[in-house]
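Student: need a structure here:
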Amino acid sequence: MSRAQVLQTTDEAVAGIADGSVVLVGGFGLAGMPFDLIDALIRQGARDLTIVSNNAGNGDVGLAALLRAGQVRKVICSFPRQADSWVFDDLYRAGKIELELVPQGNLAERMRAAGAGIGAFFCPTAVGTPLAEGKETREIDGRIYVLEYPIKGDYAFVSAYRADTLGNVVYRKTARNFAPVMATAARTTIVQVTEVVPAGALDPEAVVTPSIFVDRIVTVEARHHTVQGAR
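Tutor: Down below sits the predicted model:
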């Protein structure tokens, strides 16, 4: 049976992340964002990173802080611009960061495909748009589809509610979002939780991410972030 490492600090949890790594970062806006792991990655200093997430950062915290630190080369996401995405916006306009825009459903499915061992899949989303340019297409049952490839990560950063000492993980409401598929799509999955409980203490029916997909766990204090209005 797989047993995740239960670590004492977030700095230990992100140790060894190399320059040029692909990091899948959970969260939908601020919901489910693994702030403590991102802060530790800023301290750790890995650079030239490719970040895969739904958003490209909010305000000046979390992913936005990582971008501001100059550690990210490329962002793969669905929603790079919101009223509070000024850090990404400034970097992109200055030509200091690359962007790969992926429709939200495709983003989730491409990571799910990576976790499921699927080599590629055909999808109708983006047909006839600039997002399909240069990609293989195929007509299936009278409809045009675009060939999409999996998105794999070297690491996944996940924020969850609880984990047990084996690494089984449960989430709290909408904070779950992309985390389960990201956990399956990365070589190393790192999970921050508010509590680690003994093996057997979690209801098996509530476990969303089983221990086989979890490598490192660290306990952090629950905290809430607010983002100020646009500058």
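Student: Nearest spatial neighbour of the residue nearest to the spatial centre of the chain, chain-adjacent residues omitted?
Tutor: The centroid of the chain falls nearest to Val25 when counting by C-alpha atoms, centre = their mean (2.2 Å). Spatial nearest neighbour of Val25, excluding adjacent residues (C-beta to C-beta, 6 or more residues apart in numbering): Ser53 at 4.2 Å. Every residue, glycine included, has its C-beta placed from N, CA and C.
Student: so the residue nearest to the centre of the chain touches Tyr155, yeah?
Tutor: No - Val25 lies out of contact with Tyr155 (C-beta atoms under 8 Å); the separation is 9.1 Å.
Student: The protein: strands as residue ranges?
Tutor: 5-7, 22-25, 49-52, 72-77, 98-101, 121-123, 137-140, 143-148, 153-159, 162-164, 169-170, 186-193, 195-197, 216-219 (DSSP state E).
Student: Just put the ones you listed in TSV and tack on mean pLDDT and distance to Asn58.
Tutor: Below are these laid out as TSV (pLDDT from 0 to 100; distance: least, C-beta to C-beta, whole Å):
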stretch	mean pLDDT	distance to Asn58
strand 5-7	95	27
strand 22-25	98	12
strand 49-52	98	14
strand 72-77	98	12
strand 98-101	97	16
strand 121-123	97	28
strand 137-140	97	35
strand 143-148	97	27
strand 153-159	98	14
strand 162-164	97	25
strand 169-170	97	24
strand 186-193	98	18
strand 195-197	97	26
strand 216-219	98	23
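Student: Out of the ones you listed, flag the one nearest Asp36.
Tutor: Within the strands of the chain, the stretch nearest Asp36 is strand 186-193; the backing value is 5.2 Å (C-beta to C-beta).
Student: what are the pairing partners of that closest one, and which direction each?
Tutor: Strand 186-193 pairs in its sheet with strand 153-159 (parallel), strand 216-219 (parallel), by DSSP bridges.
Student: got the buried residues for that strand?
Tutor: Neighbour counts over strand 186-193 (16 or more other C-beta atoms under 10 Å) mark Ala186, Thr189, Ile190, Val191, Gln192, Val193 as buried.
Student: contacting residues around the residue in the chain sticking out farthest from the centre?
Tutor: The C-alpha centroid of the chain is most remote from Gly142, which lies 34.9 Å away (C-alpha atoms, centre = their mean). Residues near Gly142 by C-beta atoms under 8 Å, 6 or more residues apart in numbering: none.
Student: returning to what we had before: with distance to Val14 added, can I get the strands of the chain in a markdown table?
Tutor: Formatted as a markdown table, the strands of the chain follow (distance: least, C-beta to C-beta, whole Å):
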| stretch | distance to Val14 |
| --- | --- |
| strand 5-7 | 10 |
| strand 22-25 | 9 |
| strand 49-52 | 12 |
| strand 72-77 | 15 |
| strand 98-101 | 23 |
| strand 121-123 | 32 |
| strand 137-140 | 40 |
| strand 143-148 | 30 |
| strand 153-159 | 8 |
| strand 162-164 | 17 |
| strand 169-170 | 18 |
| strand 186-193 | 7 |
| strand 195-197 | 18 |
| strand 216-219 | 9 |
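Student: for the ones you listed, which one sits closest to Thr209?
Tutor: Minimum separation from Thr209 across the strands of the chain (C-beta to C-beta) falls at strand 169-170, 4.1 Å.
Student: helices or strands next to the closest one in the packing?
Tutor: Applying 3 or more C-beta pairs under 8 Å, 6 or more residues apart in numbering; DSSP states H and E, one finds that strand 169-170 contacts strand 162-164.
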